[in-house]
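Q: I'll drop the sequence and a predicted model, then ask my questions.
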Amino acid sequence: MNSPFYWGGATSAFQIEGAWKEGGRGPSIWDVFCDLPGRIQNGDRADVACDHFHRYEEDVALMKELGVNAYRFSIAWPRIVPDGTGAANPAGIDFYNRLIDCLLRNGIEPFPTLYHWDLPIGCQFAADGWMARETAEAFARYAKICFDAFGDRVRHWITFNESWCTSVLGYGLGVFPPARKDPDAPYRAAHNLLLAHGLAVRAFREGGYAGEIGLANNCDWREPLTDSPADRAAAERAVQFFYGWFTDPVVFGEYPEEMRSKLGARLPEFSAEERELVRGSADFLGLNHYTTLYASAEKPERGNDIGPNGNGGMIEDQDVFLSVDPQWKRTDMLWGVVPWGFRRMLNWISRRYSGLPIYVTENGCSWPEPDLASAENDTNRSEFLKEYIAAMQAAKEEDKVDVRGYFCWTLMDNFEWNSGFARHLGLIRTSPDDLTRHRKGSFYTYRDLIRQARG
Ligand code: PNW
């Protein structure tokens, strides 16, 4: 059967659903994190967010107008299993049943993600979150509940969103919950996230459900600052510490050599049983891609600039310096606009993991939008989409990279984690103060780009 190229929008449960205490939903680590003073810009909370829980039908109608044939959303674990490990919640299952049915009625293929950071607080309290293998077991149990409930209609499953962010930002740099700042914890958390992925995929395959399952790993491109062997090795090492960390294990059953040699005993080892569990556990690879940085072995003259949001990762461990080209246009998140980096990133994945199809599970940008007029104008985002989609098409058509889909982050403005509602990344303007869906300029640009691509 020949699948079409999937053009979609992407969102996540915590960022859009709201209804945080409705339908039997339990609290997640993000609900609690929002209560900590000073952690979220403007003290924003996602209690209402985009109110998608109540307005999903209107949102699906917008997707239909946009012309997408796929939608990447996430299922909230605390809606399905409110305390993380106990009984399943029928009202939570009912919500996603209605959403999935509504999508299918409109000819939109559902691409659910099982974990987009909203860990049930019960798993944090009882097992120390991703520091413990128990959380991996609890995740696999929750995943099986989802396969049983939705597996008759869903054909594309994503287990984890950006485990790099969970590990680095949550356990290493402490800017995401559980707000740990510990140089070794990210490697331990990552190990359990990978085991959780493996356990869920095993349940999926042994259960005989139809369709494919993979994961969405994020990675910025790292371009060698100069052509020197040292800079080229530094750039390669930086990509291994970013994408390879979470992808080598699920393809080859081992962490990248660059990480093993730099980290030694700080990097957990896969036991023989664990290796068998994770190796070959992805039917496809997702890529969430936003930007590019230069990498060098020595501190560059123009200074070391790893980006504002921790994009460097556990930078001390990598023995790499990162920098930007001052000529680059920068988004509101200060991420450089570098379409050619996207093309190189896709080629890197295709070369290293040849044979596995790729979905661009996120790509997009944030720009300041003081008022509705600037949103309607929206030229920066429109240009970004044109350029990045052209770079992807070049990778696909000219370089023969097996890209099967593209999901724009994000369908609508939403709760941007520790930035609160201060960032505008959506094709549709919405805020907790104004839940009207305003179509932005880029909404129409994306619609045109999809039409053009379909010919
Ligand atoms: C991703 N970094 O977050 C997430 O998947 C989305 O939920 C989020 O809204 C989107 O990208 C925009 O930020 C990231 O530090 C957070 O490199 C941080 C980084 C990358 C992605």
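A: Received it, and whenever you're ready, just let me know what you need. Predicted, not measured: the structure shown is a model, and the values here were computed from it.
Q: what does the stretch 51-200 of the chain put close to the ligand?
A: Within the stretch 51-200 of the chain, the residues that sit near the ligand (CB under 6 Å from any ligand atom) are Asn161, Glu162, Cys165. (Glycine included, C-beta is placed from N, CA and C.)
Q: Mind doing that once more with 8 Å?
A: With CB under 8 Å from any ligand atom as the criterion, the stretch 51-200 of the chain meets the ligand at residues His116, Trp117, Asn161, Glu162, Trp164, Cys165, Val168, Leu169.
Q: neighbour-wise, which of the residues you listed leads?
A: Per-residue neighbour counts (other CB atoms under 10 Å) across those peak at Val168, which has 28 neighbours.
Q: from memory it sits against Tyr187, does it?
A: No: using CB atoms under 8 Å, Val168 is not in contact with Tyr187; the gap is 10.0 Å.
Q: Give me the nearest residue to Phe242, chain neighbours excluded.
A: Residue nearest to Phe242 in three dimensions, not counting chain neighbours: Cys219, with 4.6 Å by CB to CB, 6 or more residues apart in numbering.
Q: burial measure for the one you found, as a count.
A: If we define neighbours as other CB under 10 Å, then Cys219 has 23 of them.
Q: ditto for Tyr406
A: Residue neighbour count, defined by other CB under 10 Å, stands at 27 for Tyr406.
Q: Convert the C-alpha atoms of the helix ranked longest in the chain to PDB, please.
A: Ranked by residue count, the top helix of the chain under DSSP state H comes out as helix 185-206. C-alpha atoms of helix 185-206 as PDB (Å, rounded to 0.1, in the frame of the first residue of the first chain):
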ATOM      1  CA  ALA A 185      21.200  12.300  36.100                       C
ATOM      2  CA  PRO A 186      20.400  13.000  32.400                       C
ATOM      3  CA  TYR A 187      22.200   9.900  31.400                       C
ATOM      4  CA  ARG A 188      20.300   7.800  33.900                       C
ATOM      5  CA  ALA A 189      17.000   9.300  33.000                       C
ATOM      6  CA  ALA A 190      17.700   8.800  29.300                       C
ATOM      7  CA  HIS A 191      18.500   5.200  29.900                       C
ATOM      8  CA  ASN A 192      15.100   4.600  31.500                       C
ATOM      9  CA  LEU A 193      13.300   6.600  28.800                       C
ATOM     10  CA  LEU A 194      14.900   4.300  26.200                       C
ATOM     11  CA  LEU A 195      13.900   1.200  28.100                       C
ATOM     12  CA  ALA A 196      10.400   2.600  28.400                       C
ATOM     13  CA  HIS A 197      10.300   3.100  24.600                       C
ATOM     14  CA  GLY A 198      11.600  -0.500  24.200                       C
ATOM     15  CA  LEU A 199       9.000  -2.000  26.600                       C
ATOM     16  CA  ALA A 200       6.200  -0.100  24.900                       C
ATOM     17  CA  VAL A 201       7.300  -1.200  21.400                       C
ATOM     18  CA  ARG A 202       7.600  -4.800  22.600                       C
ATOM     19  CA  ALA A 203       4.000  -4.600  23.900                       C
ATOM     20  CA  PHE A 204       2.900  -3.100  20.600                       C
ATOM     21  CA  ARG A 205       4.600  -5.800  18.500                       C
ATOM     22  CA  GLU A 206       3.600  -8.700  20.700                       C
END
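Q: Over to Arg72: give its phi and psi.
A: Arg72 has phi and psi values of phi -100, psi 120 when expressed as degrees, to the nearest 10.
Q: now stretch 240-253: mean pLDDT?
A: The predicted model assigns stretch 240-253 a mean pLDDT of 98.
Q: same question, stretch 74-81
A: For stretch 74-81, the mean per-residue pLDDT is 99.
Q: Residues touching that stretch, excluding its own?
A: 11-14, 17, 23-28, 84, 87-89, 91-93, 95-96, 112-116, 118-121, 138-139, 141-142, 145-146, 149, 161 (CB atoms under 8 Å, 6 or more residues apart in numbering).
Q: Take those and keep only those in strands.
A: Pro112, Thr113, Leu114, Tyr115, Asn161 (DSSP state E).
Q: Dig out what the second one forms beta bridges with.
A: Read that as Thr113. Beta-bridge partners of Thr113, counted by DSSP bridges, are Ser74, Ile158.
Q: For it, give its distance to Asp283.
A: Relative to Asp283, Thr113 is positioned 15 Å away (CB to CB, to the nearest Å).
Q: The two: which has the busier surroundings?
A: The residue with more neighbours, out of Thr113 and Asp283, is Thr113; 24 against 17, by other CB under 10 Å.
Q: Residue ranges in the protein under the pLDDT threshold?
A: Residues of the chain meeting the criterion pLDDT under 70: 1, 304, 306-310.
Q: can we see that at 90?
A: For the chain, residues meeting the criterion pLDDT under 90 lie at 1-3, 299-312, 326.
Q: can you map out the strands along the stretch 201-350 of the chain?
A: For the stretch 201-350 of the chain, applying DSSP state E, counting those that start in this stretch gives strands covering 212-218, 221-224, 284-288, 292-296, 321-323.
Q: would JSON lines of the ones you listed with mean neighbour count and distance to Glu134 be doable?
A: As requested, those are exported to JSON lines (neighbours: other CB atoms under 10 Å; distance: least, CB to CB, whole Å):
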{"stretch": "strand 212-218", "mean neighbour count": "24", "distance to Glu134": "21"}
{"stretch": "strand 221-224", "mean neighbour count": "24", "distance to Glu134": "35"}
{"stretch": "strand 284-288", "mean neighbour count": "23", "distance to Glu134": "26"}
{"stretch": "strand 292-296", "mean neighbour count": "25", "distance to Glu134": "36"}
{"stretch": "strand 321-323", "mean neighbour count": "22", "distance to Glu134": "36"}
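Q: Of all those, which one is nearest Val338?
A: Evaluated with CB to CB, those place strand 292-296 nearest to Val338, the distance being 3.8 Å.
Q: Can you tell me, leaving aside adjacent residues, what's nearest to Tyr115?
A: Phe160 (5.0 Å).
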